[in-house]
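need a 3D model of the following:
(chains A and B)
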Amino acid sequence: MLLFATKRVARAILTVLIVVGCAFAALRLSSDPALVVLGPDAPPSAVAAFRAAWGLDQPLWQQFFYYIAGLLRGEFGRSLLNGADVLPLVGSRVLVTLEIMIPALAIGILVGVSAGAYAALRHNTPKDRLVMMGAVAGFTVPHFVLGLVLVLIFAVHLGWLPSGGNDSWRSAILPVVTLSTGWAAVLARFTRSSVVEVLGQPYIRTASAKGLLWRAVIIRHALPNAAIPVVTTIGFMVGGLLAGAVVTESVFSWPGLGQLIVTSVAARDVAVVQCVLLLVATAMVLSNMTVDFLYTLLDPRLRGGRH
Amino acid sequence: MTELASASAARPATRRRPIPRGVVLAFGWILLMILVGAFADVLRPYSITALDLSARLTPPIGFGGPITHPLGTDELGRDVLSRLIVSIRVSLLIAFGATVLGVFLGGTLGLVAAHFRGLIEQIVLMLIDAQAALPFIILALSVLAFFGNSLALLIALLALYGWERHARVARGLALAASTQGYMLAVRQLGAGPWRLYVHHMLPNISATMIVSATLAFPEIILAESGLSFLGLGVQPPMTSLGNMVGYGRGYISSAPWILLFPSIVIVITTLAISITGDWLRDRLDPTVS
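Residues are numbered from 1 along each chain as shown, chains lettered A, B, ... in the order given. Presented below is the predicted three-dimensional model:
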């Protein structure tokens, strides 16, 4: 177990390093920050001074080394545009994003898991098909279409809710509904197939054959076993929370992390983009790792690793 | 509605059962989209850049619009139907190209990993992990904004969407197949890697790879339309479905038809391909999820 944990953590750190390294190389090679910030008409002396000030005149590997050393000291770089420390900027946007993501995920899990379990327990009945049809529809409608249709109905025609911004809790309703629909749909499909599979297992037959109430069979034997793949899926969703709202935030002008990355990418603010990438990749890797550990906790058969 | 229900009802994979009506409908829609894409230049009544400033923002037929513009016009008087037809072609071409490239890339890497094992396999696995750790939309935003935008780059980038899943599938299949009798026999007979993989392995794993590709295809359509919606995908004067929705967003209260028609096409197309993909998976290979 300890060996598995050590290997898993080392692998996670290596993954983040690869992502950061690729991002660093790609961003540095693709554009010259000095020319972006100072403009193409800047005098060569100013460009040279800018490069020296930001350490851009050194070889790439050295820059990367300094960057990693800075990260270890907690320095995430300064915005090329205004020299502000990027971490507080990115951090504040993360909070704004989580304001809609956490309620959306909670609703998605609640609706999706219960709908999936409901459908599985009524396997191959019209109710099951109805729920699954809804799930397929919710899964294939892109966020921007759903969001815009919601705006069209609830903001433009009915005038009940604001179409964008984040002035009050009411402006969070439409983005939360948009985001939770997709998650609920995915989870409903997963939960259904997982519960259906578990219900076909011999231990379920044994449990009901020994005279256990059907309700007890479901609650004690079926659902805990069916939960394992569902928990995994939820884990991946948590990892994608930070990056999952780029399009939705754009539809509703919600000033979160997604909007920040769109604007900083457009402004070619390398430091901000890098910080966001690092953050997003770390969140993803951490949650993947947690899922792996959860696996071994939930399913004793897997002790020793998933691979 | 009932057609869709019967599609999911027909799960059990017995041989030679009739194709569910929902799948037939989905097939029909996909065929229609392919035909529209193929004959876009013949079908479109106007050029996509033809301006008609006297007929700006005319609503579709049935909402007070004239018959000359069945789906209405946008604020420059461009015909929505014509733009829709061309958008279908562009979006399908991009998604198709990206899917084929992605399956090729992922499949090759997966096979390479399974063939060489050892260090090379570890490197491929690390790449898969790194890709899985980086949400596609973030990657795409960064690359497109910093490298500029071209159609080739967009397709190449979208090919990165899902390659890690294809690679995992291919590696798993190849590892399983290499222990089977036929592979051992062919290897014992002295076949080289090319013969081994292309003539013997590929036919045996292709069904699953096709399923894997079909499942990725609608997601790539959604990814492309999402990027184009954000203004980072297909650039004007070219048009794509997502591009039309993003553009129509500015007229959501005055001319909702500009964004509604492409939205409907996106939703039905991805739905149709998903239904077909699910059905194919059940038919060809129930082990892929």
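
okay, CA-based contacts and neighbour counts for the rest of this
Will do.

how about the helices in the stretch 1-150 of chain B?
If DSSP state H, counting those that start in this stretch is used as the criterion, the helices of the stretch 1-150 of chain B fall at B:2-9, B:21-38, B:40-43, B:80-116, B:118-133, B:136-147.

deepest of these, which one?
Among the helices of the stretch 1-150 of chain B, judged by mean count of other CA atoms under 10 Å in any protein chain shown, the one packed with the most neighbours on average is helix B:80-116 (a mean of 23).

what's that helix packed up against?
Of the remaining helices and strands, those touching helix B:80-116 by 3 or more CA pairs under 8 Å, 6 or more residues apart in numbering or on different chains; DSSP states H and E are helix B:21-38, helix B:40-43, helix B:118-133, helix B:151-159, helix B:163-178, helix B:202-229, helix B:241-248, helix B:257-284.

distance to chain A added to those helices, as a markdown table?
Rendered in a markdown table, the data for the helices and strands packed on helix B:80-116 read as follows (distance: least, CA to the nearest CA, whole Å):
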| stretch | distance to chain A |
| --- | --- |
| helix B:21-38 | 11 |
| helix B:40-43 | 24 |
| helix B:118-133 | 5 |
| helix B:151-159 | 13 |
| helix B:163-178 | 11 |
| helix B:202-229 | 6 |
| helix B:241-248 | 8 |
| helix B:257-284 | 5 |
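
which stretch among the ones you listed comes nearest residue A:223?
Nearest to residue A:223 among the helices and strands packed on helix B:80-116 is helix B:257-284; the distance by CA to CA comes to 24.7 Å.

the closest one relative to helix B:21-38, how many degrees between them?
Helix B:257-284 and helix B:21-38 are oriented at 130 degrees to each other (axes from the mean of the first three to the mean of the last three CA atoms, to 10 degrees).

quick one: mean pLDDT over helix B:257-284.
Taken as a whole, helix B:257-284 has an average pLDDT of 84.

buried residues, that helix. List them.
By 16 or more other CA atoms under 10 Å in any protein chain shown, the buried positions in helix B:257-284 come out as B:257-263, B:265-283.

so where do the strands sit in the stretch 1-150 of chain A?
Taking DSSP state E, counting those that start in this stretch as the criterion, the stretch 1-150 of chain A contains no strands.

in chain B, where is pLDDT below threshold?
Confidence mapping of chain B against pLDDT under 70 gives the ranges B:1-17, B:62, B:65, B:285-289.

show me which residues of chain A sit near chain B.
A:15-16, A:18-19, A:26-27, A:30-31, A:124, A:126, A:129-130, A:133, A:136-137, A:140-142, A:144-145, A:148, A:152, A:156, A:240, A:243, A:246-247, A:250, A:261-262, A:265-266, A:268, A:273, A:277, A:280-282, A:284-285 (CA under 8 Å from any CA of the partner chain).

go with 6 Å
Proximity of chain A to chain B is confined to A:15, A:19, A:30, A:129, A:140-141, A:145, A:265, A:281, A:284-285 under the rule CA under 6 Å from any CA of the partner chain.

show the buried residues in the residues you listed.
A residue is treated as buried here by neighbour count (16+ other CA under 10 Å); on that basis the buried members of the residues of chain A next to chain B are A:15, A:19, A:129, A:140-141, A:145, A:265, A:281, A:284-285.

mind picking the lowest-pLDDT entry from those?
Sorting these by confidence puts residue A:265 at the bottom, with a pLDDT of 78.

contact partners for that one?
Listed by CA atoms under 6 Å, 6 or more residues apart in numbering or on different chains, the contact set of residue A:265 reads residue B:145.

secondary structure element for it?
Counting by DSSP states H and E, the element that carries residue A:265 is helix A:257-266.

return the member of the residues of chain A next to chain B nearest to residue A:48.
Checking the residues of chain A next to chain B against residue A:48 by CA to CA gives residue A:30 as the nearest, at 18.4 Å.

now for the helices of the stretch 1-150 of chain B, which one comes closest to residue B:53?
Nearest to residue B:53 among those is helix B:80-116 (13.9 Å), distances taken as CA to CA.

how many degrees apart are that closest one and helix B:257-284 in direction?
Relative orientation of helix B:80-116 with respect to helix B:257-284: 30 degrees, computed using the same axes, to 10 degrees.

who's in contact with the residue nearest to the spatial centre of chain B?
By CA atoms, centre = their mean, the mean C-alpha position of chain B lies nearest to residue B:217, the distance being 2.8 Å. Contacts for residue B:217 (CA under 6 Å, 6+ apart) come out as none.
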